[in-house]
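Participant: fold the following for me, if possible:
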Amino acid sequence: MITFTELELVLYVAFGVMTFLYFKLRGELYMHRRITTEIFMGIAKGNVKVTETEDGFELEVTAK
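Facilitator: Residues are numbered from 1 along each chain as shown. Below is the predicted model:
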């Protein structure tokens, strides 16, 4: 028979939660990188025009 102490049970649950959060964050970072790359590619190809404003920058789609 296998026995678990309370500490082992807490550690298994904590590691499970940390693993879940790691993969969730990894997916969010991948999506951010993908969107940023698409914006930069649009600027490089000339499909997006960047204009400077008082607050920051404004992106305007010029062609598809």
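
Participant: the helix or strand containing Met41 packs against which elements?
Facilitator: Assigned by DSSP states H and E, Met41 belongs to helix 6-45. Here helix 6-45 touches strand 48-52, strand 57-61, going by 3 or more Cβ pairs under 8 Å, 6 or more residues apart in numbering; DSSP states H and E. For glycine as for every other residue, the C-beta is placed from the backbone atoms N, C-alpha and C.

Participant: need the winner for burial among the ones you listed.
Facilitator: With neighbours taken as mean count of other Cβ atoms under 10 Å, the helices and strands packed on helix 6-45 reach their highest mean count in strand 48-52, at a mean of 11.

Participant: what helices or strands is it leaning on?
Facilitator: Going by 3+ Cβ pairs under 8 Å, 6+ apart, strand 48-52 lies up against helix 6-45, strand 57-61.

Participant: got CSV for the ones you listed, with mean pLDDT and distance to Thr51 too?
Facilitator: CSV is the format used below for these (pLDDT from 0 to 100; distance: least, Cβ to Cβ, whole Å):
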stretch, mean pLDDT, distance to Thr51
helix 6-45, 96, 12
strand 57-61, 92, 5
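
Participant: where's Arg34 relative to Phe4, distance?
Facilitator: 41 Å (Cβ to Cβ, to the nearest Å).

Participant: now the helices and strands packed on helix 6-45 in JSON lines, with distance to Leu21?
Facilitator: JSON lines is the format used below for the helices and strands packed on helix 6-45 (distance: least, Cβ to Cβ, whole Å):
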{"stretch": "strand 48-52", "distance to Leu21": "34"}
{"stretch": "strand 57-61", "distance to Leu21": "32"}
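
Participant: between these, which one is nearest to Val17?
Facilitator: strand 57-61 (37.8 Å; Cβ to Cβ).
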